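Q: Sequence and predicted structure below; questions after.
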Amino acid sequence: MPELPEVELVGRHLRPHILGRRIRHVTATAPSYFFLTSPATLRQQLPGETIRSLERIGKYLLAQLSSGRRLLLHLGMTGQLILEGAQSPRLVHGTPFVRDKHTHLVLEFADSGPKLYFRDTRKFGKVRLLMPGESDPRLDKLGPDALTLTQRILFGASRKRRAKVKSMLLDQTVTAGIGNIYADESLSLARIHPERPAMSLTESECKNLARIVRRVLTRSIEAGGSSIDDYIHPDGSKGGFQQRFRVYGREGEPCRKCGTAVSRVVIGQRSSHFCPNCQRF
DNA sequence: CAAATCCCCTGCAGGC
DNA sequence: TGCCTGCAGGGGATTT
């Protein structure tokens, strides 16, 4: 589910519903590495806090709280932030979401508005409460946001890299927000083979690739993001960008440009899709 | 150092 | 129907 466009959309959908609201009660499940801050601490510390702002940083969401503390959230692979009343993603059409065994955190507010559920089946997501002035190394290490990716950043990062260009795009310290889908889609549009050594890219290829990354991410946001198995929006609605995938998840299917079968290779433990004709090594 | 490998966790689809 | 394998929008720790 969540790469930059999806996280951005979750933030946009959530803001009107949670900003300015005061947390009254917190329910959190058993400790797991989902909780960088213990559930007990969250239950104890969050009530009384008002959510002042919510910003996206790469694939993270960071909520500023009234006490000066901050709540850091990451959706991992299957994380979902769901507003009470949302349509259930996989259950019968028209059924509102109800808390289940994968719902690890519930925020109830002092007003009568909807609760907020944080659900994550695989528990790769993260939640951490940052004390005033406290920082998180994960945030500190992030590169510039991928929506503002420039040729300069890509070209600079690529110079001494023997590693594959796709790995560079996925490296959040180079640029933050690109995940497996948008890396494949961007390289496809840029007609660059994902296994090319990053250092083999020319300056003009970097310029083109940076522009394409920005455009793909922007277009996906406009289309409501990509929804594959789970929904993404806090109200339960789905995105539509997955219908426009050129290569992602299309192994064996014809390239939309030349008809050649889309190939799949594994790069850095991740499936990588490309057209072997349009994206020459 | 940089780069490759393994691991965290759960559910689902497909082959037999 | 059931079992088994492989795979999944992420990223951190460990190894080479």
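A: Okay, I see it. Note that the structure is a prediction, hence the values are computed from the model and not measured.

Q: show me what contacts the closest residue to DNA strand B within the stretch 101-250 of chain A?
A: Nearest residue of the stretch 101-250 of chain A to DNA strand B, counting by Cβ to the nearest atom of the strand: residue A:122, 3.3 Å away. Where C-beta positions appear, they are placed from N, C-alpha and C, glycine not excepted. Neighbouring residues of residue A:122 by Cβ atoms under 8 Å, 6 or more residues apart in numbering: A:76, A:77, A:78.

Q: Generate a PyMOL selection restricted to the buried subset of the residues you listed.
A: Selecting only the buried entries of the contacts of residue A:122 in PyMOL, with 16 or more other Cβ atoms under 10 Å as the criterion:
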select buried, chain A and resi 76+78
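
Q: how near is the residue of the stretch 101-250 of chain A closest to DNA strand B to residue A:83?
A: Per Cβ to Cβ, to the nearest Å, residue A:122 is found 21 Å from residue A:83.

Q: Over to residue A:276?
A: Where residue A:83 is concerned, residue A:276 sits at a distance of 44 Å (Cβ to Cβ).

Q: More neighbours: the two, which one.
A: Comparing residue A:276 with residue A:83 by other Cβ atoms under 10 Å, the one with more neighbours is residue A:83, at 19 against 15.

Q: Dig out what the more buried one forms beta bridges with.
A: Beta-bridge pairing for residue A:83 (DSSP bridges): residue A:116.

Q: Could you pull up the residues touching it?
A: A:13, A:14, A:17, A:114, A:115, A:116, A:117, A:234, A:235 are the contacts of residue A:83 under Cβ under 8 Å, 6+ apart.

Q: ok, now with 6 Å
A: By Cβ atoms under 6 Å, 6 or more residues apart in numbering, the residues touching residue A:83 are A:17, A:114, A:234.

Q: among those residues, who's most crowded?
A: Neighbour count (other Cβ under 10 Å) singles out residue A:234 as the most crowded of the contacts of residue A:83, with 25 neighbours.

Q: pretty sure that one is in a strand, no?
A: No - Residue A:234 sits outside any strand when classified using DSSP: H, G, I helix; E, B strand; the rest coil, being coil.

Q: Hmm, residue A:13 and it touching each other?
A: Yes - using Cβ atoms under 6 Å, residue A:234 makes contact with residue A:13 at a distance of 4.6 Å.

Q: Tell me the confidence at residue A:240?
A: pLDDT recorded at residue A:240 is 92.

Q: Count the residues that sit near the closest residue to DNA strand C within the stretch 101-250 of chain A.
A: With Cβ to the nearest atom of the strand, the shortest gap between the stretch 101-250 of chain A and DNA strand C falls at residue A:179, namely 2.1 Å. Residue A:179 has 22 neighbours, counted by other Cβ under 10 Å.

Q: Flag every residue of chain A that's near DNA strand C.
A: Residues of chain A that fall close to DNA strand C, judged by Cβ under 7 Å from any atom of the strand: A:1-3, A:6, A:58-59, A:74, A:76-77, A:122, A:124, A:138, A:141, A:170, A:172, A:179-181, A:226-230, A:232, A:269-271.

Q: residues in contact with the one helix or strand residue A:154 maps to?
A: Here residue A:154 sits within helix A:151-158, counting by DSSP states H and E. With contact meaning Cβ under 6 Å, 6+ apart, helix A:151-158 is reached by A:144, A:174, A:198, A:199, A:201, A:203, A:206, A:207, A:209, A:210.

Q: Show the contacting residues for the fifth one.
A: For residue A:201, the contacting residues are residue A:158, taking Cβ under 6 Å, 6+ apart as the criterion.

Q: What of the first one?
A: If a contact means Cβ under 6 Å, 6+ apart, then residue A:144 has A:153, A:175 as its contacts.
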